[in-house]
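>>> Attaching a predicted model along with its sequence, questions to come.
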Amino acid sequence: MIALFIGRFQPFHKAHLSDIKLALKECSKVIIAIGSSQESGTKDNPFTYEERKEMIYNTLKAHKVMDYDIVPVPDINDDKKWVSHVKKIIPDFDVAYTGNKLTQKLFKEKGIKINKIELIPHISATEIRKRILHGNEWAGIVPEDVAEYIRKINGEERIKRINGERLLD
């Protein structure tokens with residue numbers, strides 16, 4: 001059985017890693033679909049597709065996770081056509097894993113099996129970006145490889161700059 005795990009991964013965090021490991025216990029392969037793949041440099045999407053792909057790849061390699069593919073899925077901004085759009089890009093999967101209520105609804109409407117992921121309180125990409133923006137501790141809720149990568153690409157400064165915060169020396 002093949003799983004689809006779709007998200008924006010802005011950035012990839014420990015709950016994402018946990019979800020992929022769970023999917024691989026139930027399925028032989030996981031296709032990780034990076035949504036909004038064409039977006040970068042915005043408040044909600046500060047990282048590029050290639051950066052997100054590298055965060056995921058580095059983390060899965062460090063955790064010896066195999067049997068996955070990473071695929072870009074650009075937005076089309078049309079909920080009615082979105083699942084069909086995803087299926088054109090990724091035609092062969094048996095079940096979709098998601099914690100996003102809208103994604104669950106859209107896939108269910110098209111008769112696709114959903115394995116609902118329970119979200120972990122205070123672990124979300126939005127929370128991580130908010131913590132970075134306000135100078136609070138964030139690295140503990142992302143895999144070590146992701147924290148290193150975000151620092152390497154000056155991701156903290158980018159998030160602050162995008163959000164219009166003045167950086168202090």
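Cool, got the structure. Given the structure is predicted, the values throughout are model-derived calculations rather than measurements.
>>> Could you use CA atoms for every contact and neighbour count after this?
OK.
>>> Residue 45: neighbouring residues, count only.
If you count neighbours by other Cα atoms under 10 Å, residue 45 ends up with 22.
>>> Residue 29 too?
The number of residues near residue 29, taken as other Cα under 10 Å, comes to 19.
>>> so who does it touch?
1-3, 67-68 (Cα atoms under 8 Å, 6 or more residues apart in numbering).
>>> what sits opposite it in the beta ladder?
Judged by DSSP bridges, the bridge partners of residue 29 are residue 2.
>>> surely residue 49 meets residue 33?
No. Contact criterion Cα atoms under 8 Å: residue 49 and residue 33 do not qualify, at 10.5 Å.
>>> Spit out the contact partners of residue 3.
If you count contacts by Cα under 8 Å, 6+ apart, residue 3 has them with 23, 27-31, 93-97.
>>> What of residue 128?
With contact set as Cα under 8 Å, 6+ apart, residue 128 has these partners: 11, 138, 141.
>>> one step back: most neighbours among the contacts of residue 29, which one?
When neighbours are taken as other Cα under 10 Å, the top entry among those is residue 3 (25 neighbours).
>>> can you give me the strands in the protein?
2-7, 29-35, 68-73, 95-98, 113-116 (DSSP state E).
>>> what ranges do the helices span in the chain?
14-26, 49-62, 79-89, 101-109, 125-133, 144-152, 155-162 (DSSP state H).
>>> by contact count, what packs against the first one?
Looking back up the chat, that one is helix 14-26. Counting contacts by 3 or more Cα pairs under 8 Å, 6 or more residues apart in numbering; DSSP states H and E, helix 14-26 packs against strand 29-35.
>>> about what we covered before: any chance of CSV for the helices of the chain, columns mean pLDDT?
CSV is the format used below for those (pLDDT from 0 to 100):
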stretch, mean pLDDT
helix 14-26, 95
helix 49-62, 98
helix 79-89, 96
helix 101-109, 94
helix 125-133, 95
helix 144-152, 97
helix 155-162, 96
